[in-house]
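A.B. asks: quick one: sequence plus predicted model below, questions after.
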Amino acid sequence: MKSILSTCMQDFKRLLTNALFWVLTATLAVIVLVVNLALPKEMASETVQQLTYNAPADLAFGVPAESEAALREAVQEGAAIGFIFAKDSVTIVHPGYSEKTLQVYLLELEFAQSGAMPAIIDVSYLDEAAKEIPFNLRFTPIFIAFEALMTGFILGGALMLAEKQDGTVRALRVSPFGTAKYVLSKTLLFSLIGTLYASLICLLTVGVAINWGQFLLLSFFGTAIFTMIGLAYTSPFYDMSGWFFSMVVLLSVNMLPVMSYTSPAFTPFWMRLIPSYPILMAYRSAMFGGAADPWTIAISIAAWCVVSYLLALVFVRRKHLRGVKA
Amino acid sequence: MIQVNHVFHDYEGKGKSAVSDISFSVEGGSIFGFLGPSGAGKSTIQNIMTGLLPIQRGEVLYEGKSVRGLNTAFFNQIGVSFEQSNLYSSLTGLENLKFYAALFSVPTVNPLELLDRVGLREDANKRVSNYSKGMRQRLTFARALINRPKYLFLDEPTSGLDPKTAVGIRELILEQKSRGAAVFLTTHSMELADALSDTVAFLYGGVIAAMDTPEALKRVYGRREVRVVYREDGEERERAIPMDDKAALAAFLTTADAIKLHSQEATLEEIFLRVTGKELTA
């Protein structure tokens, strides 16, 4: 344990002289500023005016347009949807709404024509907490998952490459510091840094009223997973350029679950296999409450911890600590 | 004791061995000088012995146990000073030693004491990136001693050092020998090897060309001579007479106007040239 803690300390000192570390730290500050100052708390839903032409006089629906041309002009500008009434039909003029949206308007028109319009149309949320999330804060879990938790992947890799370049990996190889301790020391360091970064972003954006137990565990083990994947991934590389460009591709794939986060209806099975998926969903649950199944998430993260640890052990042993060029 | 038995290594696997049939042993409390020019295969053998390179053919044994089956705890007994200093340049000299000391699960030497011994005490808190080449070399050497290794591997330990510092490093190497360490000294400095080694091996073209104690090598390959500087016809002249030919020496001294006498024995450098036909250069 002494050797692991000592390595953590020395790696931290090395980090303080690493430009990439300060870039990531500055990014943290930028994220907080963007969430609090640049993103709106509410997305003002644009009022789409319902314009009618030639509608029956007794129809309580929409606003009559002066002419069909005026209606079409308003729709063209994108601020209206038009309903042109004929003797036995209604023509809808719209700027490109989906079939589902048009069905909602038709339903409203049907209610108006039948005179059975309900006084209140209630909306029910599967996840009661979800409806309360301010627009700007919806992005906090994304920023945490793909910035704070990635520190280990990026900085751990940078430290490994530096060890190869200055040759210190050869000295490590002829020391009793084995692969497991090497992986664990770096993972511990970056898990603590990642947890600190994640907590700061959360505190300075969402605030204190969250499930901190879940949040801290998630941040620690989430960073651990990405750190270990990063160590395994970086092991075969010898220089920064090749590593950096291929890393961008890998991180892009890892960001795909953002699609499911913003559009939950799109969650194919393969998306759930990407490690950032359960982490992202668990963050939303920890920060805003919600319907995420804690057991499924816990099992997913535990499984990724084991897989990433084994990957790191194999690759670091074969390609970093033993694969030293003569 | 370290035993190296019939070791071969072929980097490319095409049948062209970098080193062939290398065998020797290094006793505890002795210094084994491994001599040869650049590219002779010295580093290959050291890397195989320290586990940096896998054994392809042959065997390396530590106290009878193969290096193949040794676990990480074994490295508590090893110290390696690389020719090219490999240190954390963003850390200070003291931090480098403290970090390395923490990796061992055996008692270690006080880093400040070691820095003092290699003349870096005053620069202990200076970042290694600000060290000169010689300072880095000394720090790398100090790091190899931090765990009081039973097996010490030194690759050109005095290369690039000023004479005074080099003497200090030599003393430290002899101290390691005195406390019972098996020291494997890789160098192309014949003078260093001659001064320190109990046994030397000449490596040339990937094979051991000669191996024995320095004295035995000098006896076998060298010519002990007496060089006489004498005056003749108003000019100073010089003549070498074999030391064994006492009659010739006595006859010459009684007739010649001798000015100076020098006893001279062959250096390892000359012996290397005689054995391999090549000069030993870095």
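C.D. replies: Cool, the structure landed.
A.B. asks: for A:Phe237, see how far away B:Tyr11 is.
C.D. replies: Applying Cβ to Cβ, to the nearest Å, the value for B:Tyr11 to A:Phe237 is 21 Å. C-betas here are computed from N, CA, C, even on glycine.
A.B. asks: swap in B:Met135?
C.D. replies: Distance, B:Met135 to A:Phe237, by Cβ to Cβ: 30 Å.
A.B. asks: then A:Arg72?
C.D. replies: For A:Arg72 relative to A:Phe237 (Cβ to Cβ), the value is 60 Å.
A.B. asks: same thing with A:Glu132?
C.D. replies: Taking Cβ to Cβ, one finds A:Glu132 at 45 Å from A:Phe237.
A.B. asks: in terms of neighbours, single out the busier of these two.
C.D. replies: A:Phe237 (19 against 11; other Cβ atoms under 10 Å in any protein chain shown).
A.B. asks: that one and A:Trp243 touch, don't they?
C.D. replies: Yes: A:Phe237 lies in contact with A:Trp243 (Cβ atoms under 8 Å); the separation is 4.0 Å.
A.B. asks: wait, what's in contact with residue 206?
C.D. replies: Assuming you mean chain A. By Cβ atoms under 8 Å, 6 or more residues apart in numbering or on different chains, the residues touching A:Val206 are A:137, A:140, A:287-288.
A.B. asks: let's do chain B instead
C.D. replies: Counted by Cβ under 8 Å, 6+ apart, B:Gly206 has contacts B:17-20, B:40-41.
A.B. asks: show me which of those residues is closest to chain A.
C.D. replies: Chain A lies nearest to B:Ala18 out of these, by Cβ to the nearest Cβ, at 8.8 Å.
A.B. asks: these two touch, right, that closest one and B:Gly41?
C.D. replies: Yes: in terms of Cβ under 8 Å, B:Ala18 counts as a neighbour of B:Gly41; the distance is 5.2 Å.
A.B. asks: what sits in contact with each of the two?
C.D. replies: B:9, B:206.
A.B. asks: those two: which is more packed in?
C.D. replies: The neighbour comparison of B:Ala18 against B:Gly41 (other Cβ under 10 Å) goes to B:Gly41, with 23 against 19.
A.B. asks: which ones are touching that one?
C.D. replies: Contacts for B:Gly41 (Cβ under 8 Å, 6+ apart) come out as B:9, B:18-19, B:22, B:203, B:206.
A.B. asks: excluding covalently adjacent residues, which one is nearest to it?
C.D. replies: Closest residue in space to B:Gly41, ignoring its immediate chain neighbours: B:Val19 at 4.0 Å, by Cβ to Cβ, 6 or more residues apart in numbering or on different chains.
A.B. asks: for chain B, what spans make up the strands?
C.D. replies: Ranges of strands within chain B are B:2-9, B:19-26, B:30-35, B:57-62, B:65-66, B:78-81, B:151-155, B:182-187, B:199-204, B:207-212, B:225-232, B:235-242, B:257-264, based on DSSP state E.
A.B. asks: low pLDDT regions in the stretch 1-150 of chain A?
C.D. replies: Under the criterion pLDDT under 70, the flagged ranges of the stretch 1-150 of chain A are A:43-47, A:116-131.
A.B. asks: what does it have sitting close to chain B?
C.D. replies: A:2-3, A:6-7, A:10, A:13-14, A:17-18 (Cβ under 8 Å from any Cβ of the partner chain).
A.B. asks: 7 Å - rerun?
C.D. replies: By the rule Cβ under 7 Å from any Cβ of the partner chain, the part of the stretch 1-150 of chain A lying against chain B is A:2-3, A:6, A:10, A:13-14, A:17.
A.B. asks: of those residues, just say which sits nearest to chain B.
C.D. replies: When those are compared for distance to chain B (Cβ to the nearest Cβ), A:Ser6 comes out closest, at 3.3 Å.
A.B. asks: now that closest one: closest residue in space, sequence neighbours ignored.
C.D. replies: Spatially, and ignoring its direct neighbours in sequence, A:Ser6 is nearest to B:Ala102 (3.3 Å; Cβ to Cβ, 6+ apart).
A.B. asks: can you lay out the contacts of B:Gly206 as TSV showing distance to A:Leu196 and pLDDT?
C.D. replies: Listed next are the contacts of B:Gly206 as TSV, based on distance: Cβ to Cβ, whole Å; pLDDT from 0 to 100:
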residue	distance to A:Leu196	pLDDT
B:Ser17	53	87
B:Ala18	49	89
B:Val19	51	92
B:Ser20	56	92
B:Ala40	52	85
B:Gly41	50	88
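A.B. asks: max pairwise distance over those: which two?
C.D. replies: Greatest spatial distance among these (Cβ to Cβ): B:Ser17 and B:Ala40, at 12.6 Å.
A.B. asks: more neighbours, these two?
C.D. replies: B:Ala40 (26 against 20).
A.B. asks: I'd like to know how many residues surround the residue nearest to A:Arg138 when sequence neighbours are not counted.
C.D. replies: Once flanking residues are discounted, A:Arg138 sits nearest to A:Thr262: 7.9 Å by Cβ to Cβ, 6+ apart. When neighbours are counted by other Cβ under 10 Å, A:Thr262 registers 11.
A.B. asks: need the longest helix for the chain.
C.D. replies: All of this is about chain A. helix A:179-205 (DSSP state H).
A.B. asks: ah, no, chain B please
C.D. replies: In chain B, with assignment by DSSP H, the single longest helix is helix B:163-178.
A.B. asks: spit out the contact partners of residue 62.
C.D. replies: I went with chain A, as the question did not name one. Shown in contact with A:Gly62 (Cβ atoms under 7 Å, 6 or more residues apart in numbering or on different chains): A:50-52, A:55, A:83.
A.B. asks: I was after chain B.
C.D. replies: Residues near B:Tyr62 by Cβ under 7 Å, 6+ apart: B:2, B:70, B:151.
A.B. asks: got those residues as TSV, with pLDDT columns?
C.D. replies: As requested, these are exported to TSV (pLDDT from 0 to 100):
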residue	pLDDT
B:Ile2	95
B:Leu70	78
B:Tyr151	97
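A.B. asks: ok, and the most crowded of those residues?
C.D. replies: For the contacts of B:Tyr62, the largest number of neighbours (other Cβ under 10 Å) sits with B:Tyr151, at 22 neighbours.
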